[in-house]
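Enquirer: no sequence on this one, just coordinates:
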Ligand SMILES: [Zn+2]
């Protein structure tokens, strides 16, 4: 199965969970959790909030390992959504 990396939350996603553009086409850069109907679902999201969320996913919900969370956190500044906000 082809894995894509969301350019917002840094998590891998599949074709089934691709984001949706305003014209209903699929968006290959963002997952549906981050991007729907042509815009980000959470406009107030910041890299810091994502870091907290990723650690929670690992420590509280066991959805990912702490190691995976740390790898994603390290990559966050290079993702398209956050890279632009630094510039
Ligand atoms: Zn995402």
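Expert: That came through, no problem. Keep in mind that what you see is a predicted model, and the values were worked out from it rather than measured. Numbers count the residues shown, from 1 in each chain.
Enquirer: when you work out contacts or count neighbours from here on, use the C-alpha atoms and nothing else.
Expert: Fine.
Enquirer: and the chain, which of its residues are near the ion?
Expert: Contacts of the chain with the ion, taken as Cα under 5 Å from the ion, map to 6, 9, 31, 34.
Enquirer: in the longest helix along the chain, what counts as buried?
Expert: With secondary structure taken from DSSP state H, the chain has its longest helix at helix 47-59. Buried residues in helix 47-59, counting neighbours by 16 or more other Cα atoms under 10 Å, are found at 47, 50, 51, 54, 55, 56, 57, 58.
Enquirer: okay, now the unreliable bits of this protein?
Expert: Residue ranges of the chain with pLDDT under 70: 1-2, 84-87.
Enquirer: which other helices and strands does the longest strand along it contact?
Expert: In the chain, assigned by DSSP state E, the strand with the most residues is strand 26-31. Under the contact definition 3 or more Cα pairs under 8 Å, 6 or more residues apart in numbering; DSSP states H and E, strand 26-31 sits against strand 4-5, strand 18-20.
Enquirer: got the phi and psi for residue 82?
Expert: Main-chain torsions, residue 82, degrees, to the nearest 10: phi -90, psi -30.
Enquirer: does it touch residue 76 like I think?
Expert: Yes: taking contacts as Cα atoms under 8 Å, residue 82 lies within contact range of residue 76: 7.0 Å.
Enquirer: now do the shared contacts for the two.
Expert: 8, 47 (Cα atoms under 8 Å, 6 or more residues apart in numbering).
Enquirer: those two: which is more packed in?
Expert: Just comparing residue 82 and residue 76: by other Cα atoms under 10 Å the higher neighbour count belongs to residue 76, 22 against 16.
Enquirer: hang on, that one packs against residue 10?
Expert: Yes: between residue 76 and residue 10 there is a contact under Cα under 8 Å: 6.3 Å.
Enquirer: which other helices and strands contact the following helix or strand past the longest strand of the chain?
Expert: As assigned by DSSP states H and E, the chain's next helix or strand after strand 26-31 is strand 35-36. Based on contacts counted as 3+ Cα pairs under 8 Å, 6+ apart, the elements that strand 35-36 packs against are strand 18-20.
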